[in-house]
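Undergrad: here are the coordinates; sequence isn't available:
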């Protein structure tokens, strides 16, 4: 079945269609939540809640072919709300005058295994990890990250630059 056909079935209340969609896309939705939370249990809860929300709101979807994008956005927003609710993230606050600049040196991303990069991201301080994940994995702009985390865009850029630098340092140490 195509995504449009699955959404049509969901609108009829067909739970089998929901299960098909879940089998096809649960890992992607989970990854969106996990990249923000770094907590498997909470990310699984958010993933399940996203599919329940989709089942409830299927009749409101105007573009069924964009359901995956909608669900990823819902998962990311739910994860951010979970962080705010628990006050778990503690970003370093910058004064607005400090501008972070990225290193001019070439990165050696192609030399590192994806699993090592993911493990290294998990080890970063939460502020760095959040901004890096939202910027690199969710493709949000610094302005969007700033709105989501209620910080200044300059803070987002600074956190990204510092997190990227720390990530590269950690990866370099592990590969020497």
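TA: Sure, I can see it. As the structure is a prediction and not an experimental result, all values here were calculated from the model. Numbers count the residues shown, from 1 in each chain.

Undergrad: In contact with residue 128, which residues?
TA: By Cβ atoms under 8 Å, 6 or more residues apart in numbering, the contact set of residue 128 is 159, 162, 163, 166, 167. Heads up, the C-betas are built off the backbone N, CA and C, glycines and all.

Undergrad: Please report how far it lies from residue 3.
TA: 35 Å (Cβ to Cβ, to the nearest Å).

Undergrad: Over to residue 60?
TA: Counting by Cβ to Cβ - residue 60 and residue 3 are separated by 16 Å.

Undergrad: Between those two, which has more neighbouring residues?
TA: Each of residue 60 and residue 3 has its neighbours counted (other Cβ atoms under 10 Å); residue 3 has more, 16 against 7.

Undergrad: I'd like the distance between that one and residue 173.
TA: 44 Å.

Undergrad: What residues sit buried inside the helix or strand bottoming out on mean pLDDT in the chain?
TA: None of the helices or strands of the chain scores lower by mean pLDDT, DSSP states H and E than helix 114-122, at a mean of 80. Of the residues in helix 114-122, those with enough neighbours to count as buried (16 or more other Cβ atoms under 10 Å) are 120, 121.
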